[in-house]
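J.: output the structure for:
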Amino acid sequence: MAPDQPERSQDGEIEEPPNSTVDDWFGQNVARDQDVADKAVEEAGGDIEEAEERFEQEAHGKERYDEGHDRPDGGT
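T.: Numbering: from 1, shown residues only. Now for the predicted structure:
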């Protein structure tokens with residue numbers, strides 16, 4: 001197998017190479033959106049519908065995920 005390519009564990013699960021940043025990017029986007037959600041609920045005084053509207057306006061994780069990210073070698 002080529003270096004830095006995902007491998008399969010004994011149970012067939014894909015294991016990313018140690019230098020993989022895919023999980024970091026996704027996890028970072030989720031964490032940012034969680035912070036936005038928490039802040040929206042707080043600012044809305046617990047009004048979930050208002051908080052949801054604020055979240056939809058301020059959260060960007062899905063868009064960043066959909067856009068993709070440059071690979072370490074500069075490609076996409």
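J.: how about the helices in the chain?
T.: 22-43, 48-58, 61-67 (DSSP state H).
J.: can I get those in a markdown table including mean neighbour count?
T.: Every residue, glycine included, has its C-beta placed from N, CA and C. Output for these, formatted as a markdown table (neighbours: other CB atoms under 10 Å):
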| stretch | mean neighbour count |
| --- | --- |
| helix 22-43 | 14 |
| helix 48-58 | 14 |
| helix 61-67 | 12 |
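J.: could I get the ones you listed as TSV with mean pLDDT and distance to E16?
T.: Below are those laid out as TSV (pLDDT from 0 to 100; distance: least, CB to CB, whole Å):
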stretch	mean pLDDT	distance to E16
helix 22-43	84	6
helix 48-58	92	29
helix 61-67	66	16
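J.: quick one, which of these gets closest to D11.
T.: Across the helices of the chain, D11 has its closest neighbour in helix 22-43 (18.5 Å, CB to CB).
J.: what angle separates the closest one from helix 48-58?
T.: 130 degrees (axes from the mean of the first three to the mean of the last three CA atoms, to 10 degrees).
J.: what helices or strands is helix 22-43 leaning on?
T.: helix 48-58, helix 61-67 (3 or more CB pairs under 8 Å, 6 or more residues apart in numbering; DSSP states H and E).
J.: W25 and A31: what is the separation?
T.: 11 Å (CB to CB, to the nearest Å).
J.: re the thing from before, now render the helices of the chain as CSV, adding distance to G12.
T.: Shown next, in CSV, are the helices of the chain (distance: least, CB to CB, whole Å):
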stretch, distance to G12
helix 22-43, 18
helix 48-58, 36
helix 61-67, 25
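J.: out of those helices, which is closest to E7?
T.: If we rank these by CB to CB, the stretch that ends up nearest is helix 22-43, at 14.5 Å.
J.: just the C-alpha atoms of that closest one, please, in CSV.
T.: What follows is helix 22-43, C-alpha atoms only, in CSV (Å, rounded to 0.1, in the frame of the first residue of the first chain):
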residue,chain,number,x,y,z
VAL,A,22,-9.7,15.1,7.7
ASP,A,23,-11.0,14.2,11.2
ASP,A,24,-9.5,17.4,12.6
TRP,A,25,-11.2,19.6,10.0
PHE,A,26,-14.6,17.9,10.5
GLY,A,27,-14.2,17.9,14.3
GLN,A,28,-13.1,21.5,14.4
ASN,A,29,-16.2,22.5,12.3
VAL,A,30,-18.4,20.6,14.6
ALA,A,31,-16.9,22.2,17.7
ARG,A,32,-17.2,25.7,16.2
ASP,A,33,-20.9,25.0,15.4
GLN,A,34,-21.5,23.6,18.9
ASP,A,35,-20.1,26.9,20.3
VAL,A,36,-22.4,28.9,18.0
ALA,A,37,-25.4,26.7,19.1
ASP,A,38,-24.6,27.2,22.8
LYS,A,39,-24.2,31.0,22.3
ALA,A,40,-27.4,31.2,20.3
VAL,A,41,-29.4,29.5,23.1
GLU,A,42,-27.9,31.7,25.7
GLU,A,43,-28.5,34.9,23.7
